[in-house]
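Undergrad: Have a look at this fold, sequence not included:
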Ligand code: PEP
Ligand code: MN
């Protein structure tokens, strides 16, 4: 792919490169209040605001559309900010171009649809306006690459990918799981493609944003997109994950920027990749322990019903012996596994005791 380095089209006001602004443009006043406070931080390179909001359910705030594009052009003039909005179809794209938006982004719900991406790409022919492409909602790297290629095939060389995490079914601590190995693979395949991380949509809450932001930098990502609202509690969308400009400023000041020379970067990437694997293994481990606990509960109830004692020496000796043997066979420490089983057995007895005494 023929891609320009990001500092040729979006030079960083300060390190790291920060894109910030509210989830949605709600009113001129909201934009002015937010932009004014963000300007004072001196850390923002691009002001974001959604003017068409793709909402999961109807009857939510769906953005102010063209009216908000007028507000954004005022923000651009008054605060000398470059602006970016999300476009999801040809009409959005034409309007955004007409109102002088500086950078476009394609949202996660649009990246999943090659028809929509293609119609946007067709409108963009001959413009070379910068475009940022968010990853699709689900973990499909090829679909992400496909959308980037469609834009690139229209002659756009100012492109960045935005990593905003992936939807997974079931509860996790993230709103969208980061699955760091996917942007890492993207980087491996297209080293020249800038990747921005969006910790707001990954986290879904304020608390996780700092650690996600730091991890993105440690992985060598090129910048951060963070949602910021002058009064997050009153936000009409994504209220939980927006920081005040002041909070954003202090978060960014605390980020550690590691050296960018390639050997250091490789070390950071490798280490982070390994830690990521450990995180996933631990998640699996705890999920499996949960299943084990579930069965212990069933056994406890069954023993109670049939008046069988909780502790059975032979069964316990058998567990200890077979698990230690397996450990030895797999080449991990026998005594380590014995210790873990002592703890598991103790917990199993405690659970069954509770059941008996109910
Ligand atoms: C957004 O940036 O506000 C947005 C809608 O993001 P995403 O497409 O990542 O859900
Ligand atoms: Mn949002």
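TA: Structure's in. What do you need? Everything quoted here is computed from the prediction, not taken from an experiment. Ligands and ions are numbered 1, 2, ... in the order given.
Undergrad: what does stretch 64-74 contact?
TA: If you take CB atoms under 8 Å, 6 or more residues apart in numbering as the criterion, stretch 64-74 is touched by 24-28, 31-32, 47, 49, 51-52, 83, 85, 95-96, 99-101. C-beta here means a position set from N, CA and C on the backbone, and glycine is covered the same way.
Undergrad: And stretch 168-180, by the same measure?
TA: 137, 139, 163-167, 201-205, 208, 212, 215, 219, 241, 272-273, 276.
Undergrad: show me what contacts the residue in the chain that ligand 2 sits nearest to?
TA: Residue nearest to ligand 2 within the chain: residue 23 (3.4 Å; CB to the ion). By CB under 8 Å, 6+ apart, residue 23 lies in contact with 49-50, 53, 200, 227, 229, 235, 237-238, 241-242.
Undergrad: would you list the residues you listed in a markdown table and tack on neighbour count, distance to residue 14 and pLDDT?
TA: Shown next, in a markdown table, are those (neighbours: other CB atoms under 10 Å; distance: CB to CB, whole Å; pLDDT from 0 to 100):
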| residue | neighbour count | distance to residue 14 | pLDDT |
| --- | --- | --- | --- |
| 49 | 29 | 21 | 98 |
| 50 | 25 | 24 | 98 |
| 53 | 20 | 29 | 95 |
| 200 | 29 | 19 | 98 |
| 227 | 28 | 19 | 98 |
| 229 | 30 | 21 | 98 |
| 235 | 20 | 25 | 97 |
| 237 | 19 | 28 | 96 |
| 238 | 20 | 25 | 96 |
| 241 | 25 | 23 | 97 |
| 242 | 27 | 21 | 98 |
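Undergrad: restrict these to contacts with ligand 1.
TA: Among these, the residues lying close to ligand 1 (CB under 6 Å from any ligand atom) are residue 50.
Undergrad: Inside helices: which ones of the contacts of residue 23?
TA: residue 200 (DSSP state H).
Undergrad: so what's residue 327 up against?
TA: 333-334, 336-337.
Undergrad: Give the ChimeraX command for selecting the buried subset of these.
TA: The command below creates a ChimeraX selection of those among these that count as buried (16 or more other CB atoms under 10 Å):
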select :337
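Undergrad: Go through the contacts of residue 327 and say which is closest to residue 37.
TA: For these, the closest approach to residue 37 (CB to CB) belongs to residue 336, at 53.0 Å.
Undergrad: rewinding a little: apply the buried test to the contacts of stretch 168-180 and list what passes.
TA: Buried, going by 16+ other CB under 10 Å: 137, 139, 163-166, 201-204, 208, 212, 215, 219, 241, 272, 276, out of those.
Undergrad: now the helices for the protein?
TA: Under DSSP H, the chain gives helices at 6-9, 28-41, 66-79, 90-98, 108-111, 114-124, 141-153, 181-189, 199-203, 209-218, 245-254, 262-305, 313-330, 334-357.
Undergrad: Deepest-packed of the ones you listed, please.
TA: helix 199-203 (a mean of 26; mean count of other CB atoms under 10 Å).
Undergrad: Report the outermost residue of the protein with respect to its centre.
TA: residue 307 (51.1 Å; CA atoms, centre = their mean).
Undergrad: how close does the closest residue to residue 203 other than its chain neighbours sit to residue 174?
TA: Leaving aside its sequence neighbours, residue 203 sits nearest to residue 209 (CB to CB, 6 or more residues apart in numbering; 5.0 Å). For residue 209, the distance to residue 174 (CB to CB, to the nearest Å) stands at 11 Å.
Undergrad: Spit out the residues that contact these two alike.
TA: residue 203.
Undergrad: Now, the contacts of stretch 64-74 that are in strands?
TA: 47, 83, 85 (DSSP state E).
Undergrad: what number of residues lie near the residue of the chain at minimum distance from ligand 1?
TA: Nearest residue of the chain to ligand 1: residue 107, at 3.1 Å (CB to the nearest ligand atom). By other CB atoms under 10 Å, 23 other residues sit near residue 107.
Undergrad: Point out where the stretch 1-150 of the chain drops to low pLDDT.
TA: Across the stretch 1-150 of the chain, nothing is flagged by pLDDT under 70.
Undergrad: So which residues on the chain come close to ligand 2?
TA: Within the chain, the positions lying close to ligand 2 (CB under 5 Å from the ion) are 23, 238.
Undergrad: Grab the nearest non-local neighbour of the residue of the chain closest to ligand 2.
TA: Using CB to CB, 6+ apart, the closest residue to residue 23 is residue 238 (4.0 Å).
Undergrad: Could you do residue 251 as well?
TA: residue 210 (5.4 Å).
Undergrad: that older thread, ok, the residue nearest to residue 23 touching residue 227?
TA: Yes: Residue 238 is in contact with residue 227 according to CB atoms under 8 Å; the separation is 6.0 Å.
Undergrad: rewinding a little: what's the local residue count around the closest residue in space to the residue of the chain closest to ligand 1 that isn't next to it in sequence?
TA: Nearest non-adjacent residue to residue 107, counting by CB to CB, 6+ apart: residue 86, 4.7 Å away. By other CB under 10 Å, 24 other residues sit near residue 86.
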